[in-house]
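Novice: based on what follows, work out the 3D shape:
(2 chains)
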Amino acid sequence: MTDVEAPHDRFTGGGLDTDRGSNVLSDSSYFVASHDWPAGARPDDPSLTEIYEALSQVGEFYEPAVKGLLAVTVGASQDATS
Amino acid sequence: MPGEEDGQRDDGGPAAAASTVDELDDEKRPAPLNGWVVVLAPLLLAFVVVGPLAHYGAWPDWVSRTIAAAAGAALCYWHWRVKHWKPMLESHMRCTSPGIRDIEVAQLQHEAGDTAVDPSGVLQVQMLVLGVTRPAAFRQRVVERYDVGHRVLRQQMTLDVSIPAQLNVAEPAPDADQREILFPLLVPPKGQLVDNLCVADSDGARIPVLAYSEYLSTVARALRTLLLIAYNARTLPPEAQQAEASALRAVMRRDHEPVDSSAADLLRNLRVPRPGVARLAARLVEKLAGHYAVLVSVPYPSTGRFVLQYERTITPALKLRRCEKGKRLSWLRARLRVLLGARPVDISLTLEQAWASHSYHLLVDGGDGIYVGHQKAPDLATFFDRGMQLKNGAMKPYYRFRRRAGQSYAHFYCREFAEPAAGRPVPVIRFRFYEVPPGSTLRALVAAFSAALLVWIIGFVMSRQPELDSDAPAYLLAFPAVAAAWLGFDPPARRLLEGTLAGRLSLLCTSLLSLGASTLYLITKSKLPFFDGRNPTNLQVLGIGSLYWSLLTVLAVINVSAILFIHIVRFKEFMYFSSRVSDSPGHSENS
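Specialist: Presented below is the predicted three-dimensional model:
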């Protein structure tokens, strides 16, 4: 596949060769939504820097995490639906 | 992969019960219609059409026949409603799956802890968390390609992945080749099947996809690790354990809707020394409460870069214009497309992969004999204005289309799209494809012209010599109808996008006009007292004085003119796109 990009940049301006003037709404259309990724950014989302900082400590806490999970008991008394 | 058959993946094991099912209980099938209904319909039909030859229409009279026809139509409608329509509506049932028991959560946690502690596990947790919450951190370049089939689209994805240096995995490891990383390939909604999924590396070798239970174990390990980091402790306090169990229950939940956000809120509200990490855990749970991640096992890349490809089948939804004021012609046209087998020419796609990568290409190939007529991104300007914020230190977002040059594929490119804000829709882009001329319109034009010429010639002759003693005109007039019917029956349509409505409508008109002219000729020749009027005030239409031959000729000329106009418009548009001067430097005319 050959990438065809503009030789000059157009920040947020939209690409060349769109139908700015015409109305392409039609009587019928196929609609494709793969829903591959759940989108929805929130203002309080951690920044990428914060995420990297947290992930850099995974190596330190991974072992106690695994051991703690292994220590979870599977008892009959917990057989309740929440 | 386990939990998957014939390349179809669901949200795993018992979760299959959560998805909507499309089957019908035998008990709910309507009882067969009574025999008297089946007998009554033909009797009503016979009452309408049968009568004495000499006085047809006198007995039974036309009022009785009309009432019988209306009763027959009502009976057929009722039969259709009860026998076909209602069972079809009832065949789609949404099932509610049972809740997740505490013991299932505990079992998952225990099984998640039953694993070797090695660097691979650390990397897997990092990849899962970062890959689900910030997919663009890995995906440098994504190429999404759609090839159209008869009713489905084949989606082909190529991902150029780079593991960020911040994850500290770029350093050479002695056993690097033995290690594997888990990469979140896609995160579809729970209950949604991914049809015919096939994952491969850059060489085309199959890549294994993790089972649902393995995915859940990885999530459990990631969640526990994040909570320990948030608390900066090696064990969790009871309130954190409860929040963790609620979060896992939300992740294990099988229903897509309603999404349970309370578990994520519990994590977000924990009083921890590192609230940012708790928010990260909440974000992870929030994403996985309504969706599930498809994880693939990729050999550890010593360079930190690798390429993944996957294919799947997607069935697009067909949207027809609703009947609204001022849009009734569009409403009718949409139904005619379905009725006559002419497919829609528009396809709209949501840019769901755009924000999940740095650089994104979307290609839609309409197939042979199709070219891109229109392309538009109506939502992008609003999206930029309202919903987007620049990524940290990133370049400004940018997008453009491949110029239309009569090619069969459309190409959209963008980069540095930010994740759409919560509650905001993902932008949609729309393409419209047309037939490359000469296509169905030329065939329709030839047939329409033949019919118009024959109708005019025979009408002209019949106006002057009604006593024409030959059967040849009847055969000649029927010929365009046969030709139109033959031309209209193409081989089975191969394409999803096939805008041949104008051609098919014209062929239909040609058939009707030819049959009408042939019938009129036979009636006139038989000297029956029907359709023998003359034009008012001795008007002539192209030399024809007979009223009904004039009408047929006018309709045939309109048919030719309309399809000729459409053919010229399509031809000129295609020629314009194919031969216009390129606006890119370094390209000459017709490049």
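Novice: what residue in chain B comes nearest to chain A?
Specialist: Going by CB to the nearest CB, chain A is nearest to B:Arg400 of chain B, at 2.5 Å. For the C-beta atoms, the positions are set from N, CA and C on the backbone; glycine is no exception.
Novice: that residue reaches B:Arg415, doesn't it?
Specialist: No. B:Arg400 is not in contact with B:Arg415 according to CB atoms under 8 Å; the separation is 9.9 Å.
Novice: so which elements touch the host helix or strand of B:Ala46?
Specialist: If you go by DSSP states H and E, B:Ala46 is part of helix B:35-49. Judged by 3 or more CB pairs under 8 Å, 6 or more residues apart in numbering or on different chains; DSSP states H and E, helix B:35-49 is in contact with helix B:62-80.
Novice: now do the same end-to-end measure for stretch B:404-411.
Specialist: 9 Å (CA to CA, to the nearest Å).
Novice: outside of that stretch itself, list whatever touches it.
Specialist: By CB atoms under 8 Å, 6 or more residues apart in numbering or on different chains, the list of residues contacting stretch B:404-411 from outside reads A:4, A:17, B:361-373, B:375, B:401-402, B:431, B:433, B:436, B:574, B:577-578, B:580.
Novice: filter these to the buried ones?
Specialist: Neighbour-count burial (16 or more other CB atoms under 10 Å in any protein chain shown) applied to these gives A:17, B:361-367, B:369-373, B:375, B:401-402, B:431, B:433, B:436, B:574, B:577.
Novice: of B:Arg400 and B:Arg415, who's got more company?
Specialist: Comparing B:Arg400 with B:Arg415 by other CB atoms under 10 Å in any protein chain shown, the one with more neighbours is B:Arg400, at 22 against 19.
Novice: I'd like the next helix or strand past the helix or strand where the more buried one lies.
Specialist: Taking DSSP H and E as the criterion, B:Arg400 maps to strand B:398-401. Note on strand B:398-401: by DSSP H and E, the next helix or strand toward the C-terminus is strand B:409-415.
Novice: burial count for B:Leu288?
Specialist: Neighbour tally, B:Leu288, other CB under 10 Å: 28.
Novice: next: B:Val338.
Specialist: Neighbour number of B:Val338 under other CB under 10 Å is 13.
Novice: please apply the same query to B:Arg65.
Specialist: Close neighbours of B:Arg65, defined as other CB under 10 Å, add up to 17.
Novice: so it sits against B:Val50, correct?
Specialist: No. Judged on CB under 8 Å, B:Arg65 makes no contact with B:Val50 at a distance of 9.8 Å.
Novice: where does B:Tyr215 fall, secondary structure wise?
Specialist: Assigned by DSSP H and E, B:Tyr215 falls in helix B:212-231.
Novice: so what secondary structure elements neighbour that helix?
Specialist: Secondary-structure packing of helix B:212-231 (3+ CB pairs under 8 Å, 6+ apart): helix A:58-70, helix B:102-113, helix B:119-133, helix B:238-252, helix B:275-290, strand B:294-299.
Novice: and the last one with helix B:119-133, angle?
Specialist: Same thing as strand B:294-299. 140 degrees (axes from the mean of the first three to the mean of the last three CA atoms, to 10 degrees).
Novice: residues in contact with the helix or strand just after strand B:294-299?
Specialist: Next in sequence after strand B:294-299, counting helices and strands by DSSP H and E, comes strand B:305-314. With CB under 8 Å, 6+ apart as the test, strand B:305-314 has contacts from A:32, A:34, B:146, B:152-163, B:183, B:185, B:194-202, B:204, B:207, B:296, B:298-299.
Novice: and these, which are buried?
Specialist: Buried, going by 16+ other CB under 10 Å: A:32, A:34, B:146, B:152-153, B:155-163, B:183, B:185, B:194, B:196-197, B:199-200, B:207, B:296, B:298, out of those.
Novice: where does the prediction get shaky in chain A?
Specialist: A:1-25, A:76-82 (pLDDT under 70).
Novice: for it, which segments count as strands?
Specialist: Counting by DSSP state E, one finds strands in chain A at the ranges A:28-32.
Novice: same check on the stretch 401-550 of chain B?
Specialist: B:409-415, B:428-435 (DSSP state E, counting those that start in this stretch).
Novice: single out the most deeply packed of those.
Specialist: Mean neighbours per residue, mean count of other CB atoms under 10 Å in any protein chain shown, is largest over the strands of the stretch 401-550 of chain B for strand B:428-435, with a mean of 24.
Novice: tell me which strands it pairs with, and in which orientation.
Specialist: The strands that strand B:428-435 pairs with in its sheet are strand B:346-350 (antiparallel), strand B:370-376 (antiparallel) (by DSSP bridges).
Novice: send me the longest one as CSV with only the CA atoms.
Specialist: Extracted C-alpha coordinates of strand B:370-376, given in CSV (Å, rounded to 0.1, in the frame of the first residue of the first chain):
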residue,chain,number,x,y,z
ILE,B,370,-16.7,1.0,-9.2
TYR,B,371,-15.1,4.4,-8.5
VAL,B,372,-15.1,6.8,-5.6
GLY,B,373,-17.6,9.6,-6.4
HIS,B,374,-17.9,11.4,-3.1
GLN,B,375,-16.0,11.4,0.2
LYS,B,376,-16.8,13.4,3.3
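Novice: quick one: stretch B:135-149 near chain A?
Specialist: Yes. Against chain A, stretch B:135-149 shows contacts by CB under 8 Å from any CB of the partner chain at B:Pro135, B:Ala137, B:Val143, B:Arg145, B:Tyr146.
Novice: picking that back up, and the strand holding B:Arg400, what does it pack onto?
Specialist: strand B:409-415.
Novice: show me what the strand it packs on pairs with in its sheet, parallel or antiparallel.
Specialist: strand B:359-365 (antiparallel), strand B:398-401 (antiparallel).
Novice: burial check on residue 74, number of neighbours?
Specialist: Using chain A here. Neighbours of A:Val74 (other CB under 10 Å): 16.
Novice: chain B is the one I meant
Specialist: 11.
Novice: Three-state assignment for the residue nearest to B:Gly516 when sequence neighbours are not counted, please.
Specialist: Spatial nearest neighbour of B:Gly516, chain neighbours left out: B:Leu552 (5.9 Å); criterion: CB to CB, 6 or more residues apart in numbering or on different chains. B:Leu552 falls in the helix class when you classify it by DSSP: H, G, I helix; E, B strand; the rest coil.
Novice: I'd assumed B:Ile457 was in contact with B:Leu552.
Specialist: No. Taking CB under 8 Å as the definition, B:Leu552 is not a contact partner of B:Ile457, at 11.9 Å.
Novice: which one's more surrounded, the two?
Specialist: Between B:Leu552 and B:Ile457, B:Leu552 has the larger neighbour count (other CB under 10 Å), namely 26 against 14.
Novice: list the contacts for B:Phe138?
Specialist: Contacts of B:Phe138 (CB under 8 Å, 6+ apart): B:Met127, B:Leu130, B:Gly131, B:Val161, B:Ser162, B:Ile163, B:Pro164, B:Phe183.
Novice: try it again at 6 Å.
Specialist: B:Gly131, B:Val161 (CB atoms under 6 Å, 6 or more residues apart in numbering or on different chains).
Novice: and it, how far from B:Ser357?
Specialist: 9 Å (CB to CB, to the nearest Å).
Novice: then A:Ser26?
Specialist: 29 Å.
Novice: what's the answer for B:Val161, then?
Specialist: B:Val161 is 10 Å from B:Ser357, by CB to CB.
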